[in-house]
Structures are given as C-alpha cells and as structure tokens.
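A.B. asks: sequence and predicted structure, then a few things I'm wondering about:
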Amino acid sequence: MKILVIQQKRIGDVLTSTILSNNLKKFYPDAVVDYMCYPNCVDVLKENPNIDNIIVLTNEVRKSYPKLLKFILQIRRQKYDVVVDAYSKLETNLITLFSGAKYKISYDKGYSKIFYNYNMKRIPNGTKSELGLAIDNRLLLLKPLIKEPITDYKPKIFLTPTEIQEARDLLGKFGITVGKRPLLMFGILGSEWYKTYPLEKMAKIIDFAVEKLDADILFNYIPTQTEEAQKVYNYCTEKTKKHIHFNLYAKGLRPFLGLLSQCDILIGNEGGSVNMAKALNVPTFSLFSPSVDKETWQIFENEKENVSIHLKDLKPEIYKQHDEKYIKEHTFKYFDEYPLELILEKLESYFKDLGFPKN
C-alpha cells in the first residue's frame with residue numbers, strides 16, 4: 001500500500017500532522033508512507049522512521065498553473081492507494097482529486113465531496129479537549145483506515161546522536177554544561193506581530209526566571225530578528241544580562257532542534273517553537289496571543305509539563321463582546337489585559353511543579 005499525507009502551512013501544523021504518518025506506519029507497517037509539505041518545514045520531518053519520502057511543494061510550483069499541473073501528474077504516477085489531506089485548500093484539493101487514490105480523505109467543507117470520498121466533520125471550536133482540537137481533528141482523518149483505538153497521539157521529532165552532540169559542543173563553547181544549572185530557552189518573538197507578547201514585559205519575565213532559578217538563558221531568534229531581540233535584552237536588568245547568551249543561536253532548524261532538546265524549559269510566545277519543544281519532550285510555558293484559538297492549540301495541557309496563559313481564561317467576557325478580527329486588530333490593547341503579576345505567580349508555581357530550583 002502507498003499512502004500520501006499532505007500538510008502544508010507552518011511548522012506547527014506540519015509537525016502536528018506527523019501523528020498521521022506515525023499511526024499509519026504503526027497499523028500498516030509494510031506501507032510506504034510519504035509526506036508532502038512546504039520547503040521550510042522539511043527539517044521537522046527528517047529522521048522520522050514513519051516517513052519514507054518527503055515530497056516538497058515549492059512556491060514556484062504553487063504559483064504556476066502549468067508547473068502545478070505537471071506536479072499533479074507526477075503525484076498521479078506514484079499510484080497512491082490513500083491520500084490523507086490535512087490541509088484541504090485548492091491546490092491540495094486538486095492534487096488529491098487527480099491522484100487516483102481509492103481513499104481520498106479530508107475535512108468536510110460542504111464542497112469537499114467533489115474532491116474526497118471520505119469527508120470528516122471537524123469537532124466544533126469551543127469544544128473542551130484534553131489533547132487539544134489540533135490533535136483530535138487530525139485523529140478523525142484516520143477513522144476510515146484505522147478502526148482500533150489510537151493511543152499514539154503525540155508528535156515526535158527525531159534527532160541523531162550526532163546532532164545532539166553538536167548541540168552540546170556548541171553550548172560548551174559558550175561555557176554551558178548541560179545539567180549544571182537550569183537552561184531555559186525563551187521564545188521572545190512570535191511568528192507574526194500579533195503573536196508577540198510586548199517586549200518590555202517579556203524582559204520582566206526573563207528577569208523573574210533568572211532571579212528564581214539562577215538559569216542560563218537562550219533566546220530563540222534568527223539573524224533578521226536581531227534588532228528586536230536586542231530590544232528585549234536591553235530591557236533586562238544588568239544581572240539578567242549576565243545570564244543571557246545572546247550570540248548563541250543555531251544556524252538552521254535542525255541545529256536549533258538540537259539546542260532546544262538540551263533545554264530544561266521553553267518559555268515564551270505560543271507557536272511553532274512551543275510545538276517543537278513538546279515534540280522533544282521539553283516542558284513549555286507559553287503565552288497565547290489574544291486572537292489565537294486556544295481550544296485548538298492548547299495541546300497536551302493535561303500534562304503538568306505544559307502550561308499556557310490565554311486571555312479567554314482570564315477574561316472570557318471579552319470574547320462575548322468582540323469577534324476574533326476585532327481582538328486581533330487590537331492585540332496590544334488586549335495583551336495589556338494579561339496581569340503580569342498573575343503570569344509571574346503562575347510561572348513560579350510551574351517551576352515548583354517541575355521541581356525547580358533543584359538543590
């Protein structure tokens with residue numbers, strides 16, 4: 001059997017959908033399971049033993065109808081028996097429709113019956129979920145193929161021993177010995193402006209973490225974000241600055257994953273880095289943007305290692321007064337509704353639950 005899993009979009013989406021390939025390989029061990037994604041997401045799929053081939057759909061192909069048609073025909077020649085499309089946009093609608101697969105599975109969108117013969121109804125937003133709706137909805141896509149209960153529902157990132165050792169060597173060059181004292185990664189910047197907690201307040205959280213744990217601090221940023229990262233650094237106290245290894249960052253996603261795997265906690269803006277940390281079993285404390293759907297992406301918060309703060313938990317009445325678009329347009333106004341004292345209080349309890357500071 002040949003199976004194609006499709007998940008375009010961001011790293012968090014692509015990583016979360018690996019639960020599809022992981023379970024398909026588990027229940028159909030002799031199947032060939034391929035995974036289609038955008039180029040920027042390939043690195044979170046590498047070394048996954050449940051993915052046989054990574055198929056990259058480039059922007060060049062997406063933006064050219066002749067090239068997209070050629071790509072669709074290439075997929076058709078692969079003769080997939082099953083296509084599971086977790087993205088379900090026009091380009092993947094067409095890829096699936098013309099794939100020739102017997103099982104064409106995606107979400108029910110009304111018009112989707114044109115493209116798929118198995119259309120699964122998403123669980124409505126607002127529904128409570130222990131795992132998070134991002135997980136629950138993806139598990140629905142496996143129902144036409146797997147009738148038994150699914151217990152393997154956590155995305156995983158696979159690193160080689162060499163990658164882990166290279167991360168430790170890099171830390172060592174900056175005087176950091178893993179296990180000597182807590183090592184915290186801070187996701188100081190969100191993937192979008194509206195997903196970025198105010199920088200001055202983020203600095204206060206970093207100050208608090210250093211005060212409580214005497215920790216080494218890494219910033220998660222890329223060179224193009226240096227100016228914004230520098231602002232956060234400048235807002236920190238002089239004492240905190242001595243704990244921040246500002247110039248220690250990874251040059252690439254796989255090296256970043258290696259560094260992240262060595263951290264004790266990831267703290268910061270909810271997004272791809274939080275999802276990657278969870279997939280590496282690194283505890284997370286995350287701050288949600290007010291306009292991001294919490295029921296979908298508060299995943300695995302049934303575990304004490306993963307905690308988040310969302311405005312809907314603090315002031316649910318705001319969501320009865322305004323829609324998501326309005327809240328997004330006034331993001332910083334609503335970020336101001338997050339009491340910093342409450343965040344620090346919750347963070348201190350979180351440290352204690354994890355056993356920090358350790359004697």
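C.D. replies: That came in fine, so what should we check first?
A.B. asks: elements contacting the worst-scoring helix or strand of the chain on mean pLDDT?
C.D. replies: Lowest by mean pLDDT, DSSP states H and E among the helices and strands of the chain is helix 294-297, with a mean of 74. Packed against helix 294-297 by the contact rule (3 or more CB pairs under 8 Å, 6 or more residues apart in numbering; DSSP states H and E) you find helix 133-140. Placement of C-beta: from N, CA and C, glycine included.
A.B. asks: check which element follows the helix it packs on along the chain.
C.D. replies: helix 161-173 (DSSP states H and E).
A.B. asks: thinking again about what came up before, could I get the CA-only coordinates of the least confident helix or strand of the chain as PDB?
C.D. replies: Extracted C-alpha coordinates of helix 294-297, given in PDB (Å, rounded to 0.1, in the frame of the first residue of the first chain):
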ATOM      1  CA  LYS A 294      -6.900  28.300  22.500                       C
ATOM      2  CA  GLU A 295      -9.100  25.200  22.200                       C
ATOM      3  CA  THR A 296      -7.200  24.200  19.100                       C
ATOM      4  CA  TRP A 297      -3.600  24.800  20.100                       C
END
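A.B. asks: how about residues contacting that helix?
C.D. replies: 12, 125-129, 132-134, 137, 270, 288, 308, 310, 312-313 (CB atoms under 8 Å, 6 or more residues apart in numbering).
A.B. asks: ditto for stretch 338-356
C.D. replies: 182, 197, 201, 204-205, 208-209, 212-213, 264-265, 267, 283, 285, 287, 304-305, 307, 309, 311, 314, 357.
A.B. asks: going through the residues you listed, which ones are buried?
C.D. replies: 182, 197, 201, 204-205, 208-209, 212-213, 264-265, 267, 283, 285, 287, 305, 307, 309, 311 (16 or more other CB atoms under 10 Å).
A.B. asks: is it true that residue 48 touches residue 21?
C.D. replies: Yes. Assessed by CB atoms under 8 Å, residue 48 is found in contact with residue 21 at 7.0 Å.
A.B. asks: so those two - more neighbours on which side?
C.D. replies: residue 21 (25 against 20; other CB atoms under 10 Å).
A.B. asks: so which strand or helix has the more buried one?
C.D. replies: helix 18-27.
A.B. asks: same question for residue 292.
C.D. replies: Going by DSSP H and E, residue 292 is not in any helix or strand.
A.B. asks: and it, what does it touch?
C.D. replies: Contacts of residue 292 (CB under 8 Å, 6+ apart): 195, 270, 310.
A.B. asks: ok, and the closest non-adjacent residue to the second one?
C.D. replies: Right, residue 270. Nearest residue to residue 270, sequence neighbours excluded (CB to CB, 6 or more residues apart in numbering): residue 286, at 4.2 Å.
A.B. asks: beta partners of that neighbour?
C.D. replies: residue 268, residue 308 (DSSP bridges).
A.B. asks: for it, give me its contacts.
C.D. replies: 187, 266, 267, 268, 269, 270, 274, 306, 307, 308, 309.
A.B. asks: any idea how far it lies from residue 294?
C.D. replies: 11 Å (CB to CB, to the nearest Å).
A.B. asks: which parts of the protein are strands?
C.D. replies: 2-6, 32-37, 53-56, 82-85, 103-107, 118-120, 183-187, 216-219, 265-269, 284-287, 306-309 (DSSP state E).
A.B. asks: can you read off the pLDDT for the nearest residue to residue 100 once chain neighbours are set aside?
C.D. replies: Closest residue in space to residue 100, ignoring its immediate chain neighbours: residue 76 at 5.5 Å, by CB to CB, 6+ apart. The model reports residue 76 with a pLDDT of 96.
A.B. asks: ok so, going back, would TSV of the strands of the chain with mean pLDDT and distance to residue 93 be doable?
C.D. replies: Formatted as TSV, the strands of the chain follow (pLDDT from 0 to 100; distance: least, CB to CB, whole Å):
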stretch	mean pLDDT	distance to residue 93
strand 2-6	98	10
strand 32-37	98	13
strand 53-56	97	17
strand 82-85	97	8
strand 103-107	96	8
strand 118-120	95	12
strand 183-187	97	33
strand 216-219	96	40
strand 265-269	95	32
strand 284-287	94	33
strand 306-309	91	33
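A.B. asks: can you put those in JSON lines and add distance to residue 165?
C.D. replies: Below are the strands of the chain laid out as JSON lines (distance: least, CB to CB, whole Å):
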{"stretch": "strand 2-6", "distance to residue 165": "31"}
{"stretch": "strand 32-37", "distance to residue 165": "27"}
{"stretch": "strand 53-56", "distance to residue 165": "24"}
{"stretch": "strand 82-85", "distance to residue 165": "35"}
{"stretch": "strand 103-107", "distance to residue 165": "40"}
{"stretch": "strand 118-120", "distance to residue 165": "42"}
{"stretch": "strand 183-187", "distance to residue 165": "16"}
{"stretch": "strand 216-219", "distance to residue 165": "18"}
{"stretch": "strand 265-269", "distance to residue 165": "21"}
{"stretch": "strand 284-287", "distance to residue 165": "24"}
{"stretch": "strand 306-309", "distance to residue 165": "27"}
